[in-house]
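K.L.:
my questions concern the predicted model and sequence given below.
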Amino acid sequence: MTTPSPAPSARPPHRIDPAGGCPHALNARLLAGGAVAPVVLPGEVPGMVVLGHEALKEFLGHPDVAKDARHFAALAEDRIPAGWPLRTFATVRGMTTADGDDHRRLRSLVSRAFTARRVEELRPRVEQLTDELLDGVARHAAGGDGVVELRKHFALPLPMRVICELFGVDEEFRGRLHHLSSQVVSTRTSPEEALAANKEMVTLLAQVAAARAASPGDDLTSALIAAREADGDRLDQEELIGTLILFVIAGHETTLNLITNAVRALCAHRDQLALVTAGRATWSDVVEETLRWDSPVSYFPFRYPTRDLTVGGTVIPRGTPVLAGYSGAGRDPAAHGPDAGRFDLTRPARGRHLSLGHGAHYCLGAPLARLEATTALERLFTRFPDLDLAVPDEELPAHTGFVGNSVRELPVRPGQDVGHR
């Protein structure tokens, strides 16, 4: 007896714009129709997005949801071209595309080199780099019209330097790595650009790995190369490069967006900033509310049901590529109340968000991201308490692509430097 195919969603699919843009109005429209929505991905690939908080939490932790691309029906059937902009998210080998024992093996090897103790040991270096970059912000402000592009001169270099130092990536590679990672995560690159960016990133990170293998140091790439489990297992070359791609991209792109979005939120909500400066809220509160209210990631690819699955009242057919709608879940009124769209540091259970994931694939770098963001924000607004946007927030150019959620530029007027050393 043939099992009938699940009935398609009655909702017309939303065509995802490869150019991205601010996701919140779209999320509100999609959420009004339910927690799960059908979409058409670039390249006319049918998919789904889960953007209700409870539905996403269930989906992320469901035992019948996989990350391994062999469960991606269209890819397995060779219906996805080699230059598809989202292909890297599905096919790069590493923790983000592994399941079960394989995922546990990879995560165990990485965790041994990425411990909470190691992150805490980075605190003095993060503080030092933050102060050095703020010195640069002050110089840029003094040398021109008082406007500084904060994303370029502060929000980007801080996490980029930290993650590259952590993994032993020499300074000569860092600028190119950011450029390539921006192309890799963009959803509007041409097939030729996508293939070229992926090829160059693999080549570049292979050079980094070779350098660390020849001359090991006190860095995580050296530790990953040396790490073994009790049975002698270790990362092979493809897994090592995939892990480096994951950490270099996720280790700076998401924190860059988090810092940028938090600065924008505080500039637009001076009353909330006043709560922090008065000691009635903390910088950790700022980070957690920003993660909820303006998640650094909008729609993260991919997960695949290994059987027809009903989530939030909607059937997701087996093998469907599903986006995790973190920005939508963060403003879901069903989870966060009718004022979910308000930035509020006093919100009850404000840490109850999914922006760092849930379940077995919860973000391994979460402690580092929180350390960098809280340090950056506290020292930025302590040193420049009058800092404000140089243009209205609505005029800031939106992030290119629908995976990340932020703006491309952040011009600010720092104002008086009260902490010059």
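P.N.:
Sure, I can see it.
K.L.:
number of nearby residues for R342?
P.N.:
Neighbours of R342 under the rule other C-beta atoms under 10 Å: 14. Heads up, the C-betas are built off the backbone N, CA and C, glycines and all.
K.L.:
let me know whether T400 touches D17 as I believe.
P.N.:
No. T400 lies out of contact with D17 (C-beta atoms under 8 Å); the separation is 10.7 Å.
K.L.:
which one of those two has more residues nearby?
P.N.:
Between T400 and D17, T400 has the larger neighbour count (other C-beta under 10 Å), namely 19 against 14.
K.L.:
so how far is I249 from that one?
P.N.:
Distance of T400 to I249, computed by C-beta to C-beta, to the nearest Å: 15 Å.
K.L.:
got it, and D102?
P.N.:
21 Å.
K.L.:
neighbour count: these two, which is higher?
P.N.:
I249 (21 against 15).
K.L.:
got phi/psi on the more buried one?
P.N.:
Torsion angles at I249 (phi, psi; degrees, to the nearest 10) stand at phi -70, psi -60.
K.L.:
shaky segments in the stretch 201-350 of the chain?
P.N.:
Scanning the stretch 201-350 of the chain for pLDDT under 70 picks out 228-233, 349-350.
K.L.:
quick one: the strands in it?
P.N.:
299-305, 309-311, 314-316, 322-325 (DSSP state E, counting those that start in this stretch).
K.L.:
centre-most residue in this structure?
P.N.:
T254 (3.6 Å; C-alpha atoms, centre = their mean).
K.L.:
what's around the closest residue to that residue other than its chain neighbours, how many residues?
P.N.:
Sequence neighbours aside, P296 is the residue nearest to T254 in space, at 4.5 Å (criterion: C-beta to C-beta, 6 or more residues apart in numbering). P296 is flanked by 28 other residues according to other C-beta under 10 Å.
K.L.:
could you do the one 4 residues further on as well?
P.N.:
Neighbourhood size, F300 [other C-beta under 10 Å]: 24.
K.L.:
hey, what's the nearest residue to it once chain neighbours are set aside bridged with?
P.N.:
Excluding its sequence neighbours, the residue lying closest to F300 (C-beta to C-beta, 6+ apart) is A324, at 4.5 Å. Assessed by DSSP bridges, A324 has beta-bridge partners V50, F300.
K.L.:
hang on, isn't A324 packed against G52?
P.N.:
No. Applying C-beta under 8 Å, one finds A324 not in contact with G52, separated by 11.5 Å.
K.L.:
returning to what we had before: most packed of the strands of the stretch 201-350 of the chain?
P.N.:
strand 322-325 (a mean of 27; mean count of other C-beta atoms under 10 Å).
K.L.:
alpha carbons of that strand, in PDB - could you do that?
P.N.:
C-alpha atoms of strand 322-325 as PDB (Å, rounded to 0.1, in the frame of the first residue of the first chain):
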ATOM      1  CA  VAL A 322      13.700  24.400   6.500                       C
ATOM      2  CA  LEU A 323      14.900  27.800   7.700                       C
ATOM      3  CA  ALA A 324      15.100  28.600  11.400                       C
ATOM      4  CA  GLY A 325      13.300  31.900  11.800                       C
END
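K.L.:
noted, bye for now.
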